[in-house]
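Undergrad: Need coordinates for the below:
(chains A and B)
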Amino acid sequence: MRRALLVAALAASLSGAASAQLRFPIIQRQQPPPQLVGIDALRADFIARVGSDTVYFAGDSAVLTGPARTTLAAQAQWLRQHPEVVVQVEGHGSTADTRDHALAVGARRASEVRDYLILMGVPALQLSATSWGKERPGAGRAVTVLVR
Amino acid sequence: MKPAAGVLIAAALLAAPASAQQPMPVVAVPPLTTPDDQRTSAGTTLNIAWQASELIASDLRSTGEMLAVPPAQKDYYSYPEVTAPTFSRWRSAGAKALLTGFVQARPDGRLAVGCYVYDVENGRELGRTGFVADADDWRRAAHKCSGLVYQALTGAPGIFDTRIAYVAKSGSGGAQISRIAVMDGDGRNHSYATAGDTMVLTPRLSPRGDRLAYVSYAGGRPNVRIVDLESGNQRPLVLGQAMSFAPRFSPDGNQVAFSMTTAGNTDIYVVGAGGGMPRRLTSSPGVDTGPSFSPDGTKILFESDRSGSQQLYVMNADGSAQRRISFAAGWYAAPEWSPDGEKIAFTWRGAGLRIGVMDADGSNQRMLTTGPLDEGPNWAASSRELIFQRTVGGRSGIYRIALSGGAARKVTVPQDGSDPDWSGTRE
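TA: Residues are numbered from 1 along each chain as shown, chains lettered A, B, ... in the order given. Coordinates of the predicted model:
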């Protein structure tokens, strides 16, 4: 995007139609030195750019809602740009559910999220899925957790 | 018409779980005797005999099904009187049954323990039993005597020489530590089978109580593991990355039925307890879980939400002839077949979670508890009592309740506890 603007500005200046103030020197963009980014910084960046690491489900449902798909599309875009990051999708059941069924519902939710991220172009190898059933706080949702 | 019937059934379900209580039989437990007071590694035989009598009285009381006249010095019988007791004083005390017995040191250092149960009314012997045990194992022999009385009065196997496994919890929220704990049916010999470094769920003892299947989160995903309680050796039940949970041994201990999730779909599988290729038994797009074998091993009971809500189903052990057996209002989960094959216990999910029972064909269902957070019922060897998990104020505890009625009673364990599993009577 930025490069396209630069090129447009350059073209405009070369055409002579622009004022003197718009004459830019051509800048050689220097690649910043490769930076080692910790998992915490990656997680913060993921949240900041994607908006949320969490999608919510209705009742015992594992059906992705409209807002969930929007969130996951944004997650997928970020993950495609960070192919080195491995994530685990963690599904949660309901605390009102029984233990084994909650595990299965959490697993189905995590699987639905993983499948949708793959559909959005994230390589399957980058993704794994698990279920916490009703054993951890987080009922009724699936969370995309950056592992490394 | 149909909705009205549904409401009626719901109303019946919500009715108080009361049932007419019969007067509890009284059992006289005078002190066991010894033919010759001798020293053993666990104390003198007279001392052991006294402690064994107290333990038997305590065992019988713990059932909530009978009253025990505890041992008193004045009731002491001599060794010859054990097989020829006087009954008149027990008749006047209102006792229905009398237990006599002895503890004898053998030349090899072990103990011989003998017990006799009599019908006080007509002086008839109802049964007798004898054991040879290491002196330090006298409690197990006493539990066998308790079982003899229990069987004589109820016709059901004793629940005293048993093991209980459960999940012991400390801390809270994300910092919670959970460990698989195993103890004797009376709370003694408490030990941990896992270290607490990873979350664990749903321990299930093998029929002989020598192995245990449970769910471990080692590796970040739920997976069934098998631990040998004697050696402590552990291994995954199946290989691979798929999530697996809800394990249960077959009655012969040779197989384990469990749930496995592939591509988000949870089905029931069975595999040899020693390993091998799992065989898939269900293939519905819904959640199939909570498998429980019938006592003869020919059928498997399970829960499925294939109809849109969790209901109970029965199939042959090879997966054929699957049919639904629960039809009333609400959702049904976590079924377990009673050891005598007559009944099914389940968790009912409606307004909260409650414990209920029904006949093996799905009829005559009734609620035993009022919830709101009771789940995971598990049968006692007697098929007359259940152990289950109750959560009160965010803390889970282990409770037992008799089918004959009465309130649930808390089982004393060192920490918060969940997912109890009660073994059959040990050989």
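
Undergrad: CA only for contacts and neighbour counts going forward, please
TA: Noted.

Undergrad: Let me know the distance separating B:Arg235 from A:Ser131.
TA: Relative to A:Ser131, B:Arg235 is positioned 21 Å away (criterion: CA to CA, to the nearest Å).

Undergrad: what's near enough to touch B:Val227?
TA: Neighbour list for B:Val227: B:Ala193, B:Arg211, B:Leu212, B:Ala213, B:Asn233, B:Gln234, B:Arg235 [criterion: CA atoms under 8 Å, 6 or more residues apart in numbering or on different chains].

Undergrad: can you check B:Thr262 too?
TA: B:Thr262 is in contact with B:Ala242, B:Met243, counting by CA under 8 Å, 6+ apart.

Undergrad: With A:Asp97 instead?
TA: A:Lys134, B:Arg349.

Undergrad: what about it, distance to B:Ala334?
TA: Counting by CA to CA, the gap from A:Asp97 to B:Ala334 is 11 Å.

Undergrad: one step back: between B:Arg235 and A:Ser131, point out the one with more neighbours.
TA: The residue with more neighbours, out of B:Arg235 and A:Ser131 and counting by other CA atoms under 10 Å in any protein chain shown, is A:Ser131; that gives 28 against 14.

Undergrad: ok, what's across the strand from the more buried one?
TA: Under the criterion DSSP bridges, A:Ser131 forms beta bridges with A:Gly91.

Undergrad: pLDDT below threshold where in chain A?
TA: Confidence mapping of chain A against pLDDT under 70 gives the ranges A:1-36.

Undergrad: all strands of it, in order?
TA: Counting by DSSP state E, the segments of chain A that form strands are A:54-56, A:87-92, A:127-133, A:141-146.

Undergrad: Out of those strands, which is closest to B:Pro420?
TA: The closest of those to B:Pro420 is strand A:127-133. By CA to CA, the value is 18.0 Å.

Undergrad: quick one: the closest one to strand A:141-146, angle?
TA: If you take axes from the mean of the first three to the mean of the last three CA atoms, to 10 degrees, strand A:127-133 sits at 140 degrees to strand A:141-146.

Undergrad: What is strand A:127-133 packed up against?
TA: Strand A:127-133 is packed against strand A:87-92, helix A:99-119, with contacts defined by 3 or more CA pairs under 8 Å, 6 or more residues apart in numbering or on different chains; DSSP states H and E.

Undergrad: List of residues touching it?
TA: With CA under 8 Å, 6+ apart as the test, strand A:127-133 has contacts from A:86-94, A:99-107, A:110-111, A:114, B:220-222, B:243.

Undergrad: Ok, stretch B:380-393 next?
TA: Counting contacts by CA under 8 Å, 6+ apart, the residues outside stretch B:380-393 that touch it are B:156-159, B:338-340, B:371, B:373-379, B:396-404, B:417-425.

Undergrad: Show the buried residues in the residues you listed.
TA: Among the contacts of stretch B:380-393, those scoring as buried are B:156-159, B:338-340, B:371, B:373-379, B:396-403, B:417-425 (criterion: 16 or more other CA atoms under 10 Å in any protein chain shown).

Undergrad: And what about B:Gly417, helix, strand or coil?
TA: Secondary structure state of B:Gly417, per DSSP: H, G, I helix; E, B strand; the rest coil, is strand.

Undergrad: So what sits opposite it in the bridge?
TA: For B:Gly417, the residues forming beta bridges with it (DSSP bridges) are B:Ala168.

Undergrad: ok so, going back, among the contacts of strand A:127-133, the buried ones, what's the ChimeraX command?
TA: Remark: buried members of the contacts of strand A:127-133, expressed as a ChimeraX selection using 16+ other CA under 10 Å:
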select /A:87,88,89,90,91,92,93,94,99,100,101,102,103,104,105,106,107,110,111,114 /B:220,221,222,243
